[in-house]
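**Q** Pasting the sequence and the predicted coordinates here, then a few questions.
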Amino acid sequence: MSPERRRKAIILVAIWAALLLAPFWMAPLGGYTALGTRVLVLGLAAMSVNFLLGFTGVLSFGHAAYFGLGAYGAGFALKFLAPSTPLALVCGTLLGGIAGALLGALIARRRGVYFAMVTIAFGQVFYYIAFQWSSVTGGDDGLRGFARQPIDLGIATIDILSSANAFYYFVLFCAALAIGAMGFILRSPFGRTMIAIRENERRARFLGIPVDRHIWIAFTLSCFFMAFAGALYALVNNFADPRGLHYSQSGDFVMMAVMGGMRSFWGPLLGAVVFVVLQDYLSSITINWMSFIGVLFMAIVLFFPRGLLGFIRSTVKA
Amino acid sequence: MTQLLLFNVTNGLIIGAFYVLMALGLSLILNLSNVINFAHGGFLVVGGYIAYTITPYVGFWGALAIAPLATAAIGLVLERTMVRPLYGRDPLYSLLLTFGLAFVLEDGTRFIWGAQGKPVTVPAVLSQPLSNELFFVTGYRLFMVATVAVVVGLLFVLLRHTRMGMRIRAGTLDLETVASLGINIGKLRTMNFAVGIFLAGLSGVLAAGQLGLEPTMGTGLLMPSFIAIIVGGVGSLTGTLLGGLLIGVASGITAVFLPAGSEAVMYVMMALVLLIRPRGLLGEEGMMT
């Protein structure tokens, strides 16, 4: 094993160990398990945004729409179809993912700032639908009246509804599946092609790669991951919020990804930790928490374009 | 019914004129510097609040003249210090920066002026309805539309007949060539940014008279301006003008028949434009890829 690979393996083990033991080390540090669960779900969402931003090089500023659709899809399934948590996850993921696939076909031909602009505008469509169609979605109040259900494994039942720790591990299991899938795709020839497009779109085109189609597929995959995170988020809150579809929520995800480091796989998770913990802490001591986060974010954009993880990496190497 | 329709079409035109003012500023900055200014709404709010603060001293008319200039000055400083270093990088960075700036501007206004909304009084001359039949056309609304028309006219004169305007238009088409002809494009971008922010500040003063002031109002007004640009066509200011009026009128008419859809109709229009004519109504081919 080369030193580089060994270093990577050690870091990977450390990350998973930290995640697995989170309920035990968080409490002494002043955290609580539910906060950890939230960070994990939002981190997964930020990683999904980054799947597109960091590895294909196109910025979607409307990804909250697919996150929110995932949440509503899960809520609808629990409320109207059947009281089953896995079914809710599947329904939410499909709703957001399919919407993303359809719109992605329209969006994938745009590039750069125009891509961002068009994704925002389409995302807002879903926000307005969720906000205005109150007979179905609950409107401004959000979708209520459902709750996550215990998981029945046949031999045993896992009570994720009342036990915060059991629910954390359930979310961690789901997130691990999604993160594993993401890593697998990025290592595949398709993932390598995404990176090639990011690095030099024109050259990729000359090599005969159908760039628009690749971007469309990457967008769709990222929407599926996003919707999965959204469905998990509905389970976290037992509630789906129309504001979860608003572009300011997309902005939060982008901020997490950029703060953590958008060229690295794990950066957005770190960004989510920093963002959520900072928001949680700052909003308890000052009403002007937005300024602090805004200034921190601007400083990172100006001085550390590779984010916190990129900064840590360059200091370790130096 | 006819009067209701007339009311809503007029209303739509007035709102559309307002979107135009906002969208033109965004469009100017986008065309020359390739920056989507997310903080545009924030600058609008700052302009409105500055007007609110100085009105007791200089009156409404004084505020109308001074507040947009003051906002433009703030924009100029921020462009110099923070946006400029990012021009060499991927355009996404400047978009991200202005997103952070929007946070700070919104929160800054809340910090200085408080989260509570502020009512703004307009001069009595402007607050009278014109006649009993046309009760909905107050002098202020007419004044808003007239101001927008004059400013848009002036902007087009500036762009067509002054040296700076011609440079801005040339830079929109090919910035590299403009630079190689010995024009200081850093300065050009700064001036262009300031003009865009001036328009945002002016929108803020006008909006304050109509809607009152709230720190969060900028966010809601930003999105229709985006749509106006996409519908009208990126790269074309005339397109932006047309796009703004169109979505204003469309949402006005929809409000008659389906009040809940008045906001959504703009997005439907945008989706249709993107499907049928992706470059926008008057957009140049290739500007939006």
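**A** Right, received. Where do you want to start? Numbers count the residues shown, from 1 in each chain, chains lettered A, B, ... in the order given.

**Q** Name the helix or strand for whatever residue of the stretch 1-150 of chain B ends up closest to chain A, please.
**A** Closest residue of the stretch 1-150 of chain B to chain A, Cβ to the nearest Cβ: residue B:103 (3.1 Å). Where you see a C-beta, it was placed from the backbone N, CA and C, and this is true even at glycine. Using DSSP states H and E, residue B:103 maps to helix B:91-113.

**Q** List the buried residues for that helix?
**A** For helix B:91-113, the neighbour count (16 or more other Cβ atoms under 10 Å in any protein chain shown) marks B:91-111, B:113 as buried.

**Q** my guess is residue B:209 contacts residue B:123, does it?
**A** No: with contact defined as Cβ atoms under 8 Å, residue B:209 does not reach residue B:123; the gap is 9.2 Å.

**Q** which one of the two has more residues nearby?
**A** With neighbours defined as other Cβ atoms under 10 Å in any protein chain shown, residue B:209 and residue B:123 compare such that residue B:209 has more, 23 against 13.

**Q** Tell me which residues touch that one, please.
**A** Taking Cβ atoms under 8 Å, 6 or more residues apart in numbering or on different chains, we find residue B:209 in contact with B:60, B:120, B:122, B:126, B:140, B:144.

**Q** Look up how far residue B:48 lies from residue B:211.
**A** Residue B:211 sits at a distance of 9 Å from residue B:48 (criterion: Cβ to Cβ, to the nearest Å).

**Q** Neighbour count: the two, which is higher?
**A** Applying other Cβ under 10 Å to residue B:211 and residue B:48 shows that residue B:48 carries more neighbours, namely 34 against 15.

**Q** Contacts only, for the more buried one.
**A** Residues in contact with residue B:48 (Cβ under 8 Å, 6+ apart) are B:67, B:120, B:204, B:205, B:207, B:208, B:213, B:217.

**Q** same thing but at 7 Å, please
**A** Contacts for residue B:48 (Cβ atoms under 7 Å, 6 or more residues apart in numbering or on different chains) come out as B:204, B:205, B:207, B:208, B:213.

**Q** same check, this time on residue A:62
**A** Per Cβ under 7 Å, 6+ apart, neighbours of residue A:62: A:119, A:120, A:122, A:123, A:247, A:250.

**Q** ok, and of these, which contact chain B?
**A** Restricting the contacts of residue A:62 to those touching chain B (Cβ under 7 Å from any Cβ of the partner chain) yields residue A:120.

**Q** What is the burial count for residue B:40?
**A** Count around residue B:40 with other Cβ under 10 Å applied: 29.

**Q** now residue B:266
**A** For residue B:266, the count of nearby residues is 29 (other Cβ under 10 Å).

**Q** Can you show me the helices along chain B?
**A** Listed in chain order, the helices of chain B (DSSP state H) span B:2-33, B:40-78, B:91-113, B:124-127, B:139-161, B:163-173, B:175-180, B:185-211, B:217-232, B:237-257, B:264-276.

**Q** weakest of these in terms of mean pLDDT?
**A** In terms of mean pLDDT, the lowest-scoring of those is helix B:124-127 (a mean of 70).

**Q** returning to what we had before: tell me which two of the contacts of residue A:62 sit farthest apart.
**A** A:122 and A:250 (11.0 Å; Cβ to Cβ).

**Q** what about those two, which has more around it?
**A** residue A:250 (31 against 22).

**Q** Name the helix or strand for the more buried one, please.
**A** Using DSSP H and E, residue A:250 falls in helix A:247-260.

**Q** quick revisit: ranking by neighbours, what's the top pick from the contacts of residue B:209?
**A** Among the contacts of residue B:209, residue B:144 has the most neighbours (other Cβ under 10 Å), with 23 neighbours.

**Q** which residues does the closest residue to the residue of the stretch 1-150 of chain B closest to chain A other than its chain neighbours contact?
**A** Using Cβ to Cβ, 6 or more residues apart in numbering or on different chains and skipping residues adjacent in sequence, the residue nearest residue B:103 is residue A:294, 3.1 Å away. Going by Cβ under 7 Å, 6+ apart, residue A:294 touches B:100, B:101, B:103, B:104, B:107.

**Q** now residue A:142
**A** Taking Cβ under 7 Å, 6+ apart as the test, what residue A:142 contacts is A:239, A:240, A:241, A:242.

**Q** Would you mind confirming that the last one is in contact with residue A:131?
**A** Yes: Residue A:242 sits in contact with residue A:131 when judged by Cβ atoms under 7 Å, with a separation of 4.6 Å.

**Q** between these two, who's got more neighbours?
**A** residue A:242 (25 against 21).

**Q** So that one versus residue A:81, what's the distance?
**A** 21 Å.

**Q** same deal with residue A:142?
**A** With distances taken as Cβ to Cβ, residue A:142 is found 19 Å from residue A:81.

**Q** contacts for the helix holding residue B:103?
**A** The contact list for helix B:91-113, computed with Cβ under 7 Å, 6+ apart, reads A:59, A:112-113, A:116, A:251, A:258, A:288, A:290-291, A:293-295, A:297-298, A:301-302, A:305, B:34-39, B:41-43, B:45-46, B:49, B:78, B:82-83, B:86, B:215-216, B:218.

**Q** Stretch B:246-261 now?
**A** A:132, B:4-5, B:8-9, B:11-13, B:15-16, B:19, B:224, B:227-228, B:231, B:262-263, B:265-266, B:269.

**Q** Can you name the residues that contact residue A:254?
**A** With contacts defined as Cβ under 7 Å, 6+ apart, the neighbours of residue A:254 are A:49, A:59, A:61.

**Q** Then residue B:68?
**A** Residues near residue B:68 by Cβ under 7 Å, 6+ apart: B:47, B:198, B:201, B:202, B:205.

**Q** If you drop the residues flanking it in sequence, what lies closest to it?
**A** Closest to residue B:68 by Cβ to Cβ, 6+ apart is residue B:201, at 3.7 Å.

**Q** doesn't residue B:76 make contact with that neighbour?
**A** No: Residue B:201 lies out of contact with residue B:76 (Cβ under 7 Å); the separation is 11.5 Å.

**Q** With neighbour numbers in mind, choose between the two.
**A** Shown here are residue B:201 and residue B:76; by other Cβ under 10 Å, residue B:201 has more neighbours (29 against 17).

**Q** who's in contact with that one?
**A** Counting by Cβ under 7 Å, 6+ apart, residue B:201 has contacts B:43, B:47, B:67, B:68, B:71, B:72.

**Q** Pick out the most distant pair among those residues.
**A** B:43 and B:67 (11.0 Å).

**Q** more crowded one of these two?
**A** Using other Cβ under 10 Å, the more surrounded residue of residue B:43 and residue B:67 is residue B:43, with 31 against 27.

**Q** dump the residue contacts of that one.
**A** Residue B:43 neighbours (Cβ under 7 Å, 6+ apart): B:71, B:75, B:105, B:197, B:200, B:201.

**Q** and with 8 Å instead?
**A** Residue B:43 makes contacts with B:37, B:71, B:74, B:75, B:105, B:197, B:200, B:201, B:204, B:218, as judged by Cβ under 8 Å, 6+ apart.

**Q** Repeat that for residue B:264.
**A** By Cβ under 8 Å, 6+ apart, residue B:264 lies in contact with A:125, A:128, A:129, A:132.
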